[in-house]
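Enquirer: Got a predicted structure plus its sequence, pasted below:
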Amino acid sequence: MKKLWNRINWLIVAFVVTIAYVTFIVWKVELSKIWVFLSSPNLNEIGDFLAGVFSPLAFIWLVAAVLTQRQELTETRDQFAENQKVVDAQLKTINEQSDLLQQQHTLAEETAKKTYRLSLFQERYKIYEEFIAFGAKHEKRRFKEPAYSEFLELLQKSTFVFGKDIERWFHEISEAIYRMQELWDTEITHGFSDSRGLFEIYRSPEVEMEYKQTSRWLREQFFSPVERTEKFSDSMRVSDK
């Protein structure tokens, strides 16, 4: 009913009523009589007649104008309500998209963290294996050159994936290897005899003691499971932060 009421064109209704009203007046009074009356010189009577005839028409058109304006206001209000619904739906969609993007961002961030932790652990484990292989390779050569230069490369790699504890420990090992090479270059020579074969000759007992202590300490670092576990266990763990 309300929709039917809003679809009515009140100006057309007013026009139809006007035609019907004028037709009724002409039929009731007769056109010839109206023409004779309008030809009368009495202007006051003519004015009263016209006022009486057209007052209902003015009222009809006034009502039609009011109803038309009311329709327009109703349509404007309904359109505003529809627009508000559209805006609310768009805001809801935007909020849902924002929540989805936030979830995707959180998931991507968690995935990146897990990937980083896995990659970091793999790099640390790779250096751990290189550390063991280095000890097996150079212990047989008594840590002579190029042990020092190769271990410096391993030290440089470790600084990118390990903390300060491993870095300090690797520095201690590199200094010990460097000291071993210094002893071989300046303090130790070789001799040969039929009974002993090839043997080392130390410049002094102190040099021999230092060499053996340094060599023993290096072997412990590379081959003692207890020593390696103590140094690497905490550093191999990758923090979530």
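Expert: Received, thanks. Numbering: from 1, shown residues only.
Enquirer: what helix or strand is the most centrally placed residue in the chain on?
Expert: Central residue check for the chain by C-alpha atoms, centre = their mean: the C-alpha nearest the mean position is that of H105, 3.8 Å away. Secondary structure here is read from DSSP states H and E; on that basis H105 sits in helix 43-139.
Enquirer: Return the distance of that helix from the chain's centre.
Expert: On the basis of C-alpha atoms, centre = their mean, to the nearest Å, helix 43-139 sits 19 Å off its chain's mean C-alpha point.
Enquirer: What's the per-residue pLDDT of the residue nearest to the centre of the chain here?
Expert: As summarised for this prediction, H105 has a pLDDT of 88.
Enquirer: Pull the number of nearby residues for S224.
Expert: 12 (other C-beta atoms under 10 Å). All C-beta spots, glycine's among them, are computed from the backbone N, C-alpha and C.
Enquirer: again, but for the one 4 residues further on
Expert: Per other C-beta under 10 Å, the neighbour tally for R228 reads 17.
Enquirer: can you pull the contacts of it?
Expert: Shown in contact with R228 (C-beta atoms under 8 Å, 6 or more residues apart in numbering): I132, Q221, F222.
Enquirer: And the second one, how far from R237?
Expert: Going back to what we said before, that points to Q221. 21 Å (C-beta to C-beta, to the nearest Å).
Enquirer: Compare neighbour counts for the two and give me the winner.
Expert: The neighbour count for Q221 versus R237, taken as other C-beta under 10 Å, is higher for Q221 (17 against 10).
Enquirer: can I assume the more buried one is in contact with E227?
Expert: Yes. Counting by C-beta atoms under 8 Å, E227 is a contact partner of Q221 at 5.8 Å.
Enquirer: Is the nearest residue to D234 once chain neighbours are set aside within a helix or a strand, and which one?
Expert: Once its chain neighbours are removed from consideration, D234 has its nearest residue in D165; the separation is 7.5 Å (C-beta to C-beta, 6 or more residues apart in numbering). If you go by DSSP H and E, D165 is part of helix 164-186.
Enquirer: Now the element after that helix, going C-ward?
Expert: Heading C-terminal from helix 164-186, the first helix or strand you meet, by DSSP H and E, is strand 188-193.
Enquirer: Strand partners (parallel or antiparallel) of that next one?
Expert: strand 197-202 (antiparallel) (DSSP bridges).
Enquirer: Just give the number of residues close to E220.
Expert: As a burial measure, the neighbour count of E220 was computed by other C-beta under 10 Å and equals 12.
Enquirer: returning to what we had before: so the residue nearest to D234 touches K231, yeah?
Expert: Yes. D165 sits in contact with K231 when judged by C-beta under 8 Å, with a separation of 7.5 Å.
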